[in-house]
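Colleague: Provided below for reference: sequence and predicted model.
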Amino acid sequence: MKILLIEDEPELQKSIEQYLEMEGNIVEISPDFYHAQQKIAIYDYDCILVDITLPNGSGLDLLKEIKLKKSKAGIIIISAKHSLDDKVNGLDLGADDYLPKPFHLSELNSRIKALIRRKSFDGNLEISINEIKILPNERRVLIHNQDIILTSKEYDLLLYFISNKNRVVSKSALAEHLWGDNSDRLDNFDFIYNHVKNLRKKLLEKKCEDYLQTIYGIGYNFKTQE
């Protein structure tokens, strides 16, 4: 998942970033209100973690901007403010969850995964598309009930394609999702083609239907009828 962490405490930033990256996520950091505004305006995320009290502004105002953008990101408020009013206001403004500080990183991780399951996969612990079965908690993929060995990027690609099935996904969106906000500095997206080619080859070797369609000049469509 691609996660935006809006948090001004350096030590907490670092610990959350390291933990979530070890779990296979891409984590972008915004230390203040204005920086977060720019990130939200330009980039898309799977999940946004936002503190209420920020330098130069309030996380609650950022929630309004996220919703005005019609972002599909899951939003979790992480805040040292324990008042009921703050919690209610945050949830009313569109946050999906509220986790008061201090918290265990394992609980934050579990809440993020549960939120993404609810938003993208109807809350299921297993993701099944015809002969493809994905077990996200294990980062494991089965084709016709047989394990398939994928690299980390190939797994992330497959999960992203399935969460956006039957929709055209641009190469730039794939690059941003898999490599973070710095992907816009890349000269070309040839590496995307290579990862998709390798993923398709491995799926076909396992007698999987060829769901991946290339939309020339644009990107790809994981087209399937369940």
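Modeller: That came through, no problem. Small disclaimer: the values here were computed from a predicted structure and weren't measured.
Colleague: what segments of this structure are helices?
Modeller: 10-22, 33-42, 59-68, 84-92, 105-121, 152-163, 171-179, 190-205 (DSSP state H).
Colleague: got those helices as TSV, with mean neighbour count and mean pLDDT columns?
Modeller: In this view, the C-beta of every residue, glycine as well, is placed from N, C-alpha and C. As requested, the helices of the chain are arranged in TSV below (neighbours: other CB atoms under 10 Å; pLDDT from 0 to 100):
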stretch	mean neighbour count	mean pLDDT
helix 10-22	14	93
helix 33-42	16	92
helix 59-68	18	90
helix 84-92	14	82
helix 105-121	16	85
helix 152-163	20	89
helix 171-179	19	82
helix 190-205	16	91
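Colleague: ok, Arg200 - contacts?
Modeller: Neighbouring residues of Arg200 by CB atoms under 8 Å, 6 or more residues apart in numbering: 210, 212.
Colleague: quick revisit: for Glu138, which of the helices of the chain is the nearest?
Modeller: helix 152-163 (10.6 Å; CB to CB).
Colleague: before we move on, back to that, could you dump the helices of the chain to CSV with distance to Ile134?
Modeller: Putting those into CSV (distance: least, CB to CB, whole Å) gives the following:
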stretch, distance to Ile134
helix 10-22, 20
helix 33-42, 28
helix 59-68, 28
helix 84-92, 30
helix 105-121, 9
helix 152-163, 6
helix 171-179, 16
helix 190-205, 12
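Colleague: closest to Val50 out of the ones you listed?
Modeller: helix 59-68 (4.4 Å).
Colleague: nearest to Gly217 among the helices of the chain would be which one?
Modeller: Comparing the helices of the chain by CB to CB, helix 171-179 comes nearest, at 9.4 Å.
Colleague: name the residues that touch that closest one?
Modeller: 2, 26, 43-44, 46, 153, 156-157, 160, 183-184, 186, 189, 192-193, 195, 218-220.
Colleague: please work out the angle formed by the directions of it and helix 152-163.
Modeller: Angle, helix 171-179 to helix 152-163, by axes from the mean of the first three to the mean of the last three CA atoms, to 10 degrees: 130 degrees.
Colleague: relative orientation of helix 171-179 and helix 33-42 in degrees?
Modeller: The directions of helix 171-179 and helix 33-42 differ by 140 degrees, with the same axes, to 10 degrees as the criterion.
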